[in-house]
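*Asks:* Here is a sequence together with a model predicted from it:
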Amino acid sequence: MTAVVRTEGLTKFYGRRRGLENLDLEIQPGEVFGYLGPNGAGKTTTIRLLLDVIRPTSGRAEILGLDPRDSRVRARIGYLPGELALEGREKARAYLEFMAGVRGGLRRGRIEELAERLEADLSVRMGELSKGNKQKIGLIQAFMHDPELLILDEPTSGLDPLVQQEFLAMVREVKRDGRSVLMSSHVLAEVEHVSDRVGIVRSGRLVAVEDVGALRERAIRKVEFHFDGPIPREAFENLPGVRDLVVEGAALRCTIDGRPDALIKAAAQFTVVHMVSAEPDLEEIFLAYYSDEEARHAHAGA
């Protein structure tokens with residue numbers, strides 16, 4: 001299976017400043033890849049290199065099996081830039097119809113279908129669009145020709161929560177069709193529910209690539225049980241993965257690092273009347289990666 005995106009040693013320096021260094025990355029057909037990192041980490045530099053907006057200092061990239069400079073690549077990609085410049089007196093509908101013509105046409109009603117889903121008003125002049133509505137128009141032009149690869153830079157910026165959920169549903173549909181998405185963001189929650197894998201970039205370097213399912217398994221959960229009567233603390237002591245154990249009468253609170261199997265089996269010895277389990281805190285895991293990287297750099301410089 002040919003990778004949709006492949007980079008080998010991809011590097012870009014702006015004078016002495018590192019934009020991106022030695023990026024090795026593969027994205028497979030049908031994969032949603034979340035590309036995470038703070039602003040200025042190298043996410044947008046990566047995207048511009050993949051789109052041949054800028055040229056690498058060294059290394060190489062392939063998009064859909066072709067060199068990014070190959071003009072045949074453009075029609076097969078949908079792209080939403082991080083800063084979308086939509087200006088002028090032209091109405092949004094006219095702009096989208098022009099873009100559709102450039103791409104060789106769309107199926108009938110496609111623009112209207114996406115505009116309805118995203119609650120976008122196509123009658124407004126481009127220069128009068130709010131930030132949120134510009135983002136909606138940008139998403140429509142990226143999705144409307146059903147590209148094989150979508151490259152989305154901070155795609156939910158300026159969108160209200162309901163429209164964000166509709167956007168994520170659109171990403172899931174792309175995945176179901178066997179097409180691929182590279183989604184850059186500095187917000188973990190934005191990508192964790194749709195991504196298969198997540199790459200973390202920091203200061204121009206790819207720190208880690210992780211499977212989202214594996215991250216969830218390793219993530220820390222806060223768990224609370226309420227039983228029908230007092231329980232002995234010793235029944236829950238020294239269980240694998242269980243930490244910060246507090247037993248007060250018929251209530252138990254703890255954190256679980258990894259799978260909850262041992263805790264569930266121990267709780268099943270008693271009558272559980274209520275249980276609360278907080279969502280895994282993936283944010284903590286990512287922050288740990290950044291902290292570890294900081295420590296390694298500090299140690300290397302010492």
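*Replies:* Alright, I've got the coordinates.
*Asks:* wait, is residue 171 part of a helix?
*Replies:* Yes. Residue 171: assigned to a helix according to DSSP: H, G, I helix; E, B strand; the rest coil.
*Asks:* Can you tell me the SS state at the residue lying closest to it once chain neighbours are set aside?
*Replies:* Computed as CB to CB, 6 or more residues apart in numbering, the closest residue to residue 171 that is not its neighbour in sequence is residue 194, at 4.8 Å. For every residue, glycine as well, the C-beta is placed using N, CA and C. When the structure is reduced to helix, strand and coil (three-state DSSP), residue 194 reads as coil.
*Asks:* CA atoms of the helix or strand that contains residue 263 as CSV?
*Replies:* Secondary structure from DSSP states H and E places residue 263 in helix 261-267. As requested, the backbone C-alpha atoms of helix 261-267 are provided in CSV (Å, rounded to 0.1, in the frame of the first residue of the first chain):
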residue,chain,number,x,y,z
ASP,A,261,-9.4,-4.9,34.7
ALA,A,262,-7.9,-5.7,38.2
LEU,A,263,-9.9,-2.9,39.8
ILE,A,264,-13.2,-4.0,38.2
LYS,A,265,-12.7,-7.6,39.3
ALA,A,266,-12.0,-6.5,42.9
ALA,A,267,-15.0,-4.2,42.9
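*Asks:* hmm, who's touching that helix?
*Replies:* 223, 225, 227, 235-236, 239-242, 252, 254, 256, 275 (CB atoms under 8 Å, 6 or more residues apart in numbering).
*Asks:* just to revisit the earlier point, quick one: the residue nearest to residue 171 from residue 167, how far?
*Replies:* Distance, residue 194 to residue 167, by CB to CB, to the nearest Å: 9 Å.
*Asks:* Then residue 176?
*Replies:* Distance, residue 176 to residue 167, by CB to CB: 15 Å.
*Asks:* of these two, who's got more company?
*Replies:* Looking at residue 176 and residue 167 with other CB atoms under 10 Å, you find the greater number of neighbours at residue 167, namely 21 against 9.
*Asks:* so the more buried one is in which element?
*Replies:* For residue 167, the element it lies in under DSSP H and E is helix 161-176.
*Asks:* Compute the first-to-last residue distance for stretch 177-190.
*Replies:* Stretch 177-190 has an end-to-end distance of 21 Å (CA to CA, to the nearest Å).
*Asks:* and what of stretch 38-55?
*Replies:* End-to-end distance for stretch 38-55, by CA to CA: 23 Å.
*Asks:* Distance from the chain centre to it, please.
*Replies:* For stretch 38-55, the gap between its own C-alpha mean and the chain's C-alpha mean amounts to 16 Å (CA atoms, centre = their mean, to the nearest Å).
*Asks:* pLDDT (mean, whole number) over it?
*Replies:* This predicted structure assigns stretch 38-55 an average pLDDT of 91.
*Asks:* Can you tell me what sits against it?
*Replies:* Applying CB under 8 Å, 6+ apart, the external contacts of stretch 38-55 come out as 5, 7, 10, 12, 18-20, 23, 35-37, 56, 61, 63, 68-69, 77, 79, 82, 151, 153, 182, 184, 186, 201-205.
*Asks:* Just the buried ones from the residues you listed?
*Replies:* 5, 7, 10, 12, 18-20, 23, 35-37, 56, 61, 63, 68, 77, 79, 82, 151, 153, 182, 184, 201-205 (16 or more other CB atoms under 10 Å).
*Asks:* What about residue 220, how many residues nearby?
*Replies:* Residue 220 sits with 17 neighbouring residues when counted by other CB under 10 Å.
*Asks:* Thank you kindly, that will do.
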